[in-house]
Each structure stands twice: as C-alpha cells, then as structure tokens.
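>>> here is a sequence with its predicted model. Questions after.
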Amino acid sequence: MMQRDAGAQRYSQLSSFSDYLRIHAPELLPGSRSADLGGRGGGEDLAPHGTTIVALAFDGGVLIAGDRRATMGNIVASRDIEKVFITDEHSAVGIAGTAGVAVELVRLFAVELEHYEKIEGVALTLDGKANRLATMVRGNLGAALQGLAVVPLFVGFDVDAASDASAGRIVSFDVTGGRYEEHAGYYSVGSGSLFARSALKKTYRKGLAREEAERAAVAALFDASDDDTATGGFDAIRQLYPTMAVITRSGAQAVSAERISAIAEEIINQRKASAGEDEQP
C-alpha cells in the first residue's frame with residue numbers, strides 16, 4: 001500500500017516540472033550545487049560569464065540576439081558560446097551572467113513549458129511564461145549571492161494581442177526574480193548593455209520592419225563590442241557572428257548564419273566608408 005502511495009506521489013500531476021524536481025530531486029535544480037562554494041561571493045571567476053543580449057520589437061513580432069563571447073575575469077573562456085535559446089513555439093530567452101547555470105536554467109524552463117502544455121492541454125499565456133521564468137530566477141538567488149548570478153532576457157509573441165503589430169513583447173528580470181516589461185520596444189542586458197542600449201536609442205523607432213530590426217540588433221552588438229571587452233565582436237577569420245531568433249505569429253525561428261554575416265559585412269563596409277569620408281580634407 002505504501003509502495004502504491006509512493007508511486008502515486010512520484011507520478012503526480014503537478015503542472016510545474018520545476019516544482020516536481022523541488023520535491024523529488026532538488027539537487028538537480030539550477031544553482032543547487034553552488035552551496036559547495038560556502039559563504040557569500042567568490043564564485044564570479046569560477047565559471048564563464050555570458051555577456052551582451054539585445055531584443056527589439058518590430059511590426060509583426062520580436063527578435064533577440066546575443067554575441068558569442070564568454071569570459072572568466074580577464075580571460076576569453078569561449079568565442080562561440082550560444083546565448084539565445086528558443087524555448088517554445090512563441091518565445092525565446094537570451095542569457096547573461098554565469099553561463100553554466102544560465103544554460104541549465106533556460107533548458108529547464110523549456111522543459112517546464114512543454115510539461116505544462118502536456119499536463120494542462122493548453123500552452124501558458126505569455127505572462128504565465130514570464131512569471132514561471134521569474135520564479136526560476138528567484139530560486140537561483142542563493143547562488144547569485146555567491147557570485148553566480150543569472151540575468152535572462154525573455155521575448156515572446158502574444159498570440160492573444162489585439163494586433164500583430166504590437167504583439168512582440170520584451171520582459172527583463174533582476175537577480176531577485178523581479179520581472180519588468182519593457183515598453184520602449186527594445187532592451188539589452190549584460191556587460192555591454194549600456195553601449196547597446198545607447199546604440200538602439202539612436203536607431204530604433206516604432207513599427208520597424210523585420211529586416212531593419214535585424215540590422216539594428218547586429219549593429220548594437222557591434223557598438224557594444226567596440227567599448228566593452230567582454231562582448232565579442234565580428235570574427236571574420238573564424239566566421240563567428242552574433243546569433244539571433246525571430247518570433248512572429250507563425251512561430252520562432254533562428255536567423256541563419258549567412259543572413260547575419262551579410263548584415264555584419266554591410267555594417268563594416270558602411271563604417272569603413274564613413275571613416276574614409278571623415279579622413280578626407
């Protein structure tokens with residue numbers, strides 16, 4: 001009888017997969033192993049950190065893009081890390097902060113969304129998805145106090161919006177799990193976010209076409225890499241460029257490397273031409 005009760009509890013119909021883990025295997029939750037560090041602080045230089053993420057809403061959707069560099073202190077830990085993840089049909093997340101914990105958290109978030117839909121028979125609303133992610137970020141607060149912070153940027157297409165033109169939404173978070181909807185139409189997180197937002201402030205306008213938004217995002221990351229050493233720029237030798245996901249009513253999709261490299265080449269050529277004009281007497 002006890003065995004049957006234990007089995008019923010083990011296979012309970014919890015709609016939250018992270019709640020299920022918290023009950024049955026809390027050691028598998030992101031950040032749970034950070035207790036081995038002991039005390040506060042000290043974790044900043046133990047693992048690679050992802051850096052700059054940008055997001056823009058455009059007419060008919062939203063996009064999110066990130067550079068490819070991860071750092072450990074003053075060392076380049078990785079030149080080709082992936083920081084942008086499609087989490088379901090109409091949402092994506094970009095990560096800044098401790099890369100290992102952040103990737104683990106985002107993968108669990110994607111499972112969370114899929115699990116909820118299987119149990120409840122319907123997908124979470126966009127606000128519901130953002131709230132779930134906020135709860136997961138809050139669960140990492142102990143690790144954040146030890147220097148292993150995770151700061152995601154969430155974007156999604158609101159299928160319940162009155163108009164597709166305004167359906168693209170951007171939600172930011174702080175390390176305590178506070179969630180904030182960004183109504184300006186663009187946002188950035190990470191070490192180069194100040195420079196990226198400054199660039200976007202000059203180029204962004206409401207009602208951008210998708211192609212214009214893609215170019216603005218790549219240009220903002222290029223400007224951030226120019227002033228922030230932790231943000232990776234364009235690497236033509238290794239063919240490494242930012243990664244990007246675009247979300248519209250038809251779904252979320254990754255932008256091809258060929259498309260991004262073409263945008264990067266266009267930006268570089270334009271900057272070269274501008275520099276040449278400045279040097280002319």
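All right, it came through fine. Numbers count the residues shown, from 1 in each chain.
>>> how about low-confidence regions in this protein?
Within the chain, the stretches with pLDDT under 70 are 1-46, 277-281.
>>> hey, what's the spatially most central residue of it bridged with?
In the chain, the residue lying closest to the centroid (Cα atoms, centre = their mean) is residue 94, at 0.8 Å. Under the criterion DSSP bridges, residue 94 forms beta bridges with residue 84, residue 153.
>>> contacts only, for it.
Applying Cβ atoms under 8 Å, 6 or more residues apart in numbering to residue 94 gives the contacts 53-55, 64-66, 83-85, 152-153, 155, 189. The C-beta positions use only the backbone N, C-alpha and C, and glycine is treated the same way.
>>> relative to residue 168, which of the residues you listed is nearest.
For those, the minimum distance to residue 168 (Cβ to Cβ) is 7.1 Å, reached by residue 155.
>>> wait, doesn't the closest one sit right on residue 167?
No. Judged on Cβ atoms under 8 Å, residue 155 makes no contact with residue 167 at a distance of 11.2 Å.
>>> in TSV: the contacts of residue 94, plus distance to residue 162.
Listed next are these as TSV, based on distance: Cβ to Cβ, whole Å:
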residue	distance to residue 162
53	28
54	26
55	21
64	23
65	27
66	30
83	32
84	28
85	28
152	27
153	24
155	19
189	28
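>>> between residue 155 and residue 167, which contacts overlap?
Common neighbours of residue 155 and residue 167 (Cβ under 8 Å, 6+ apart) are residue 62.
>>> neighbour count winner among those two?
For the pair residue 155 and residue 167, the greater number of neighbours falls to residue 155 (31 against 23), based on other Cβ atoms under 10 Å.
>>> so where do the strands sit in this protein?
In the chain, the strands defined using DSSP state E lie at 49-50, 53-58, 61-66, 70-72, 75-78, 84-88, 91-98, 150-157, 168-173, 179-181, 186-189, 243-248, 251-254.
>>> next one: the third one to chain centre, how far?
The chain centre lies 9 Å from the centre of strand 61-66; the measure is Cα atoms, centre = their mean, to the nearest Å.
>>> which strands and helices sit next to that strand?
Packing partners of strand 61-66 (3 or more Cβ pairs under 8 Å, 6 or more residues apart in numbering; DSSP states H and E): strand 53-58, strand 84-88, strand 91-98, strand 150-157, strand 168-173, helix 210-227, strand 243-248.
>>> go with 6 Å
strand 53-58, strand 91-98, strand 150-157, strand 243-248 (3 or more Cβ pairs under 6 Å, 6 or more residues apart in numbering; DSSP states H and E).
>>> tell me which of those is the most buried.
Burial of the helices and strands packed on strand 61-66 is given as mean neighbour count (mean count of other Cβ atoms under 10 Å); strand 53-58 ranks first at a mean of 29.
>>> and the contacts of it?
63-66, 94, 96, 153, 155, 168, 170, 185-190, 196, 208, 210, 213, 217, 220 (Cβ atoms under 6 Å, 6 or more residues apart in numbering).
>>> try 7 Å
Contact with strand 53-58 is made by 62-66, 83, 94, 96, 153, 155, 168, 170, 185-190, 196, 200, 204, 208-210, 213, 216-217, 220-221, as judged by Cβ atoms under 7 Å, 6 or more residues apart in numbering.
>>> CA atoms only: put it into PDB for me.
Output in PDB follows, covering the C-alpha atoms of strand 53-58 (Å, rounded to 0.1, in the frame of the first residue of the first chain):
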ATOM      1  CA  ILE A  53      22.000  40.300 -25.200                       C
ATOM      2  CA  VAL A  54      19.700  42.700 -27.200                       C
ATOM      3  CA  ALA A  55      16.000  42.500 -28.000                       C
ATOM      4  CA  LEU A  56      13.800  44.600 -30.300                       C
ATOM      5  CA  ALA A  57      10.100  44.500 -31.100                       C
ATOM      6  CA  PHE A  58       9.200  45.100 -34.700                       C
END
